[in-house]
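> Fold the following, please.
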Amino acid sequence: EIIEAAKRATNSDEKTDVSKAVIPTETIKGVITKLRNGARKVSYKGQGRKGSLSVSGRKTKVSIAGKKAKRKKLKVGMKCDFTFRGSAAKKISCG
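From the prediction side, this is the model:
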């Protein structure tokens, strides 16, 4: 019966449905609590949550007071809106 099951598995014409996991994009208002590695890692606290995000030089859009900025300009204590997917920051806008 094991051999029969192996034959069915290898010769089956049935397609297995494969679906991608969808990670939602979230936006949180909070405060920067810690910066590491030249702001490559940003820790935040806000809306009853806290966590850390990885900040990319290219994929993350950083803005301070409405103007485009480099991640090195981020400072501890800034109030920001963090938009992220998983642990990767997509947009950080501080005012």
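
> same for the longest strand along the chain, what does it pack against?
Counting by DSSP state E, the longest strand found in the chain is strand 25-36. When contacts are defined as 3 or more CB pairs under 8 Å, 6 or more residues apart in numbering; DSSP states H and E, strand 25-36 packs onto strand 41-46, strand 49-54, strand 79-85. Placement of C-beta: from N, CA and C, glycine included.

> out of these, which comes closest to Ala65?
strand 79-85 (11.1 Å; CB to CB).

> Show me what that closest one is packed up against.
strand 25-36, strand 41-46, strand 88-94.

> buried ones in the longest strand of the chain?
By 16 or more other CB atoms under 10 Å, the buried positions in strand 25-36 come out as 28, 30, 32, 35.

> can you put the residues you listed in JSON lines and add pLDDT and distance to Val76?
Formatted as JSON lines, those follow (pLDDT from 0 to 100; distance: CB to CB, whole Å):
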{"residue": "Ile28", "pLDDT": "96", "distance to Val76": "17"}
{"residue": "Gly30", "pLDDT": "96", "distance to Val76": "12"}
{"residue": "Ile32", "pLDDT": "96", "distance to Val76": "5"}
{"residue": "Leu35", "pLDDT": "96", "distance to Val76": "6"}
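
> returning to what we had before: mind putting the helices and strands packed on strand 79-85 in JSON lines, distance to Lys75 included?
Output for the helices and strands packed on strand 79-85, formatted as JSON lines (distance: least, CB to CB, whole Å):
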{"stretch": "strand 25-36", "distance to Lys75": "7"}
{"stretch": "strand 41-46", "distance to Lys75": "11"}
{"stretch": "strand 88-94", "distance to Lys75": "9"}
